[in-house]
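Peer 1: let's see this in three dimensions:
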Amino acid sequence: MTKEKENKPTLEAAEAAVRTLLDWIGEDPDRKGLVRTPARVIKSFGDWYSGYDEDPAAILGSSFPDAGAYKDMVALVDINFESHCEHHMAPFIGMAHVAYVPDGRVVGVSKIVKVVNAFAKRLQVQEKLTQQIADCINDELKPKGVAVVLQASHECMTTRGVYKNNIRMVTSAMLGCFQDNEKVRTEFLSMIDAKTA
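Peer 2: Sure, this is the predicted structure:
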């Protein structure tokens, strides 16, 4: 678990803040349909930002010696994720594609998904999220290489600002053999292309 924030506001204070925002946009927080909205919003925040209560490195701590001395790429493509940008708190939603080449240790595939979620369920920017996932896997598993590609649509562009739909932001982090070996990198990227073609 991550360290608890000192002097964390109370649940009541958080709900009062939501009431203030409802009032600020011109709503009546006491209107029948909105009476329970502050509690619902705070409960939603508990889901959306649950990554602050998780330690992604600890998730990978239960890796195990790779069976049969497996040395080829392990890839997970099309991992759904949802996050919120730290600039507007607007959602960005997309797919993560993650691969690593083991060097003595592998991890259960669900652990990779949990690492993606632990970092995504925080206020983020996509570039930082991409690098955090790659660095965590690299630091904990010490593989020969790690590759992470994120593709996401950002509601801070689609529902406000420039109001442009059908735009996906793509970010990547390539470490070790994925950075140094074009053949390995191309193999991984072809897996993604096959899924998105």
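Peer 1: secondary structure class for A75?
Peer 2: Taking DSSP: H, G, I helix; E, B strand; the rest coil as the rule, one finds A75 in the strand state.
Peer 1: what sits against it?
Peer 2: H97, V98, A99, F188, M191 (CB atoms under 8 Å, 6 or more residues apart in numbering). The C-beta positions use only the backbone N, C-alpha and C, and glycine is treated the same way.
Peer 1: any stretches of this structure with poor pLDDT?
Peer 2: Within the chain, the stretches with pLDDT under 70 are 1-5, 63, 65-68, 194-197.
Peer 1: could you pull out the helices for it?
Peer 2: 11-24, 37-48, 56-59, 109-120, 126-141, 155-158, 177-180, 182-196 (DSSP state H).
Peer 1: is it true that T37 touches L22?
Peer 2: Yes: with contact defined as CB atoms under 8 Å, T37 reaches L22; the gap is 6.7 Å.
Peer 1: give me the common contacts of the two.
Peer 2: With CB under 8 Å, 6+ apart, T37 and L22 have common neighbours P29.
Peer 1: for stretch 25-44, C-alpha coordinates in CSV please.
Peer 2: Extracted in CSV, the C-alpha atoms of stretch 25-44 (Å, rounded to 0.1, in the frame of the first residue of the first chain):
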residue,chain,number,x,y,z
ILE,A,25,-22.0,25.7,-11.9
GLY,A,26,-25.5,27.1,-11.2
GLU,A,27,-27.2,24.0,-9.7
ASP,A,28,-29.1,23.7,-6.5
PRO,A,29,-27.2,21.0,-4.4
ASP,A,30,-30.5,20.5,-2.5
ARG,A,31,-32.5,19.6,-5.6
LYS,A,32,-34.0,16.2,-5.3
GLY,A,33,-32.0,14.7,-8.1
LEU,A,34,-28.7,16.0,-6.7
VAL,A,35,-29.1,15.4,-2.9
ARG,A,36,-27.0,12.2,-3.1
THR,A,37,-24.7,13.4,-5.9
PRO,A,38,-21.8,14.4,-3.6
ALA,A,39,-21.7,11.0,-2.0
ARG,A,40,-21.9,9.3,-5.4
VAL,A,41,-19.1,11.5,-6.8
ILE,A,42,-16.8,10.7,-3.9
LYS,A,43,-17.5,7.0,-4.3
SER,A,44,-16.7,7.3,-8.0
